[in-house]
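# task: produce atomic coordinates for the following.
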Amino acid sequence: MNTKESFSNSRCREQTQMAEREFSAFISAVKELLGPNHAKLSAVDWLDELELMDSQPGITRRDWRAVTIAASARLANRLNAGTT
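Below you'll find the model as predicted:
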C-alpha cells in the first residue's frame, strides 16, 4: 500500500469514526430527553439529512455537526407540530 492510499484509508476511517460519534451522541441525547420513539424518528432524520448533503453539488468535506443541526431542526418542527 502506498502512502497516498494509506492516508486515504486513514482519513476515511477517521471520518467514519467522527460520524459514528456525532450520530451516537445525538441519538443518545434525544433518547434521554424525549424517549425512544423520538430517538428512532431522529435517527431516520439524521440519516435523511446525511443523504441530502451527499446530493448537494460542491460539498467535498463532511460537516457532521451540520447534519445533526438539520436533524435537530426536524425534531423541533415535529415537537412544535405536536406529533410523534
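
# so where is this protein shaky, pLDDT-wise?
For the chain, the stretches with pLDDT under 70 are 1-5, 7, 58-61, 83-84.

# all the strands of it, in order from the start?
Counting by DSSP state E, the chain has no strands at all.

# with residue 16 as the reference, measure out to residue 32.
Distance of residue 32 to residue 16, given as CB to CB, to the nearest Å: 24 Å. From N, CA and C alone the C-beta is placed, and that goes for glycine too.

# doesn't residue 49 make contact with residue 70?
Yes - the pair residue 70 / residue 49 is scored as a contact, 4.1 Å apart, by CB atoms under 8 Å.

# excluding its backbone neighbours, what's nearest residue 72?
With CB to CB, 6 or more residues apart in numbering as the criterion, residue 72 has its nearest non-adjacent residue at 7.5 Å, and that residue is residue 26.

# tell me who's in contact with that neighbour.
Residue 26 makes contacts with 42, 46, 68, 71, 72, as judged by CB atoms under 8 Å, 6 or more residues apart in numbering.
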